[in-house]
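Novice: give me a 3D structure for the following:
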Amino acid sequence: MRLQEGFIFIMNESDFKSGFVTILGRTNVGKSTLMNRMVGQKVAIMSDKPQTTRHKIQSVLTGPDYQVVFIDTPGIHKPKHKLGEHLVGVALNTLREVDVVMLLVEAGMPGPGDRYILQQVKKVTGPVLLVINKIDLVKPGELEPVKAAFSQLGDFAEILPVSALTGENVDRLLENIIKYLPPGPKYYPDDMVIDRPERFIMSELIREKVLHLTSQEVPHSVAVVVEEVENRSENLVAVRAVIYTERESQKGILIGKGGRMLKEVGKLAREEIEALLGSRIYLELWVKVKKDWRNREIYMKNFGFMDD
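Specialist: Purely as a prediction, here's the structure:
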């Protein structure tokens with residue numbers, strides 16, 4: 001699943017379109033759900049907790065005459081710690097790297113968070129597509145005032161209503177993305193879907209289960225590191241992972257009475273990892289405390305959030 005370096009040039013490059021498209025928006029607006037929908041499989045974890053996405057994740061969609069590299073970014077929010085500051089910086093920095101910006105908003109009137117992001121997007125010289133998500137939650141007559149309100153706040157190449165959850169209008173959105181891509185090479189092989197190694201995906205799947213199963217105190221303080229992957233036989237892979245949190249009380253919640261919470265996290269994560277690898281998985285989970293790790297750069301680097 002890892003993307004390989006180098007370009008793959010095709011014979012008639014002028015007929016082929018390719019480029020990088022960033023998906024930008026507030027936390028919990030549906031960026032990861034939309035990216036998964038567009039590439040046709042799960043490449044980013046999802047939950048109803050804000051700030052689920054912590055990394056810049058690239059996924060690739062290749063068609064007969066195009067290749068789109070989507071960049072799913074952490075949600076833009078008001079940071080409360082150094083990790084939050086870093087994540088917002090990661091998201092905004094993608095504006096300098098891409099051919100098309102896809103600004104995702106909810107099907108409601110613009111709020112302060114939307115206005116802040118719109119100010120940042122005004123610096124972009126390339127096409128900006130305003131994508132109004134979650135139209136499945138509003139009545140048809142409620143959509144036009146939303147489109148009119150956003151159109152007053154920026155100069156958009158297109159304004160497109162979609163539902164990432166149901167797939168409504170997503171095909172039309174893809175057609176518009178391709179329309180604004182420049183002619184270019186095929187950057188990655190046809191079968192490449194995501195730019196992250198399997199260890200990263202396994203750690204994210206484990207974290208997703210923590211997000212689903214735990215209360216508000218725990219999710220944002222959790223980091224997951226896959227420390228060891230061992231092929232024990234032709235059809236058995238042993239995975240050892242550590243779930244880090246910030247306080248002993250949170251460790252107790254993650255383990256649960258009699259270890260029940262940790263067992264449930266492991267059960268659900270193992271099922272998805274087995275589907276990913278096509279092998280039986282022996283998953284060993286540990287919980288450790290790293291006090292206030294989200295404000296300490298050494299831990300953020302160790303956990304893969306920052307480059308050395």
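
Novice: switch to C-alpha atoms for all contacts and neighbour counts from now on
Specialist: Fine.

Novice: what are the structural domain limits within the chain?
Specialist: Here the domain parsing of the chain from automatic domain parsing is 13-180, 198-302.

Novice: can you redo these as CSV with distance to residue 187, mean pLDDT and mean neighbour count?
Specialist: As requested, these are arranged in CSV below (distance: least, C-alpha to C-alpha, whole Å; pLDDT from 0 to 100; neighbours: other C-alpha atoms under 10 Å):
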stretch, distance to residue 187, mean pLDDT, mean neighbour count
domain 13-180, 8, 79, 18
domain 198-302, 20, 83, 17
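
Novice: and the strands in the stretch 151-300 of the chain, which stretches?
Specialist: Assigned strands in the stretch 151-300 of the chain, in chain order: 158-161, 223-233, 236-245, 280-289 (criterion: DSSP state E, counting those that start in this stretch).

Novice: packing partners of the last one?
Specialist: This means strand 280-289. strand 236-245, helix 248-255, helix 260-277 (3 or more C-alpha pairs under 8 Å, 6 or more residues apart in numbering; DSSP states H and E).

Novice: between those, which gets nearest to residue 145?
Specialist: Using C-alpha to C-alpha as the measure, helix 260-277 is the one of the helices and strands packed on strand 280-289 that comes nearest residue 145, at 41.2 Å.

Novice: between helix 248-255 and that closest one, find me the angle.
Specialist: In terms of direction (axes from the mean of the first three to the mean of the last three C-alpha atoms, to 10 degrees), helix 260-277 departs from helix 248-255 by 60 degrees.

Novice: so which elements touch helix 260-277?
Specialist: helix 198-213, helix 248-255, strand 280-289.

Novice: and of the ones you listed, who's closest to residue 172?
Specialist: Taking these one by one with C-alpha to C-alpha, helix 198-213 is closest: 29.2 Å.

Novice: from the contact counts, what lies against the closest one?
Specialist: So helix 198-213, by 3+ C-alpha pairs under 8 Å, 6+ apart, packs with strand 223-233, helix 260-277.

Novice: now tabulate the helices and strands packed on helix 260-277 in JSON lines and tack on distance to residue 40.
Specialist: Formatted as JSON lines, the helices and strands packed on helix 260-277 follow (distance: least, C-alpha to C-alpha, whole Å):
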{"stretch": "helix 198-213", "distance to residue 40": "17"}
{"stretch": "helix 248-255", "distance to residue 40": "32"}
{"stretch": "strand 280-289", "distance to residue 40": "24"}
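
Novice: just tell me which of those ends up closest to residue 22.
Specialist: helix 198-213 (20.0 Å).

Novice: phi and psi next, for residue 247.
Specialist: phi -140, psi 150 (degrees, to the nearest 10).

Novice: OK, contacts around residue 203?
Specialist: When contacts are counted by C-alpha atoms under 8 Å, 6 or more residues apart in numbering, residue 203 touches 224, 225, 226, 241.

Novice: at 7 Å instead, please
Specialist: Each residue near residue 203 by C-alpha atoms under 7 Å, 6 or more residues apart in numbering is listed here: 224, 225, 226.

Novice: of all those residues, which comes closest to residue 138?
Specialist: residue 224 (36.5 Å).

Novice: what about that closest one, distance to residue 58?
Specialist: 20 Å (C-alpha to C-alpha, to the nearest Å).

Novice: now residue 236
Specialist: Residue 236 is 29 Å from residue 58, by C-alpha to C-alpha.

Novice: try residue 158
Specialist: 23 Å.

Novice: residue 210 too?
Specialist: In terms of C-alpha to C-alpha, residue 210 sits 23 Å off from residue 58.

Novice: one step back: for residue 102, find the nearest of the helices and strands packed on strand 280-289.
Specialist: Of all those, helix 260-277 comes closest under C-alpha to C-alpha, at 28.3 Å.

Novice: centre of the chain to that closest one, how far?
Specialist: 20 Å (C-alpha atoms, centre = their mean, to the nearest Å).

Novice: what angle do it and strand 236-245 make?
Specialist: Going by the same axes, to 10 degrees, helix 260-277 makes 130 degrees with strand 236-245.

Novice: and the angle for helix 260-277 with helix 198-213?
Specialist: Using the same axes, to 10 degrees: helix 260-277 against helix 198-213 is 140 degrees.
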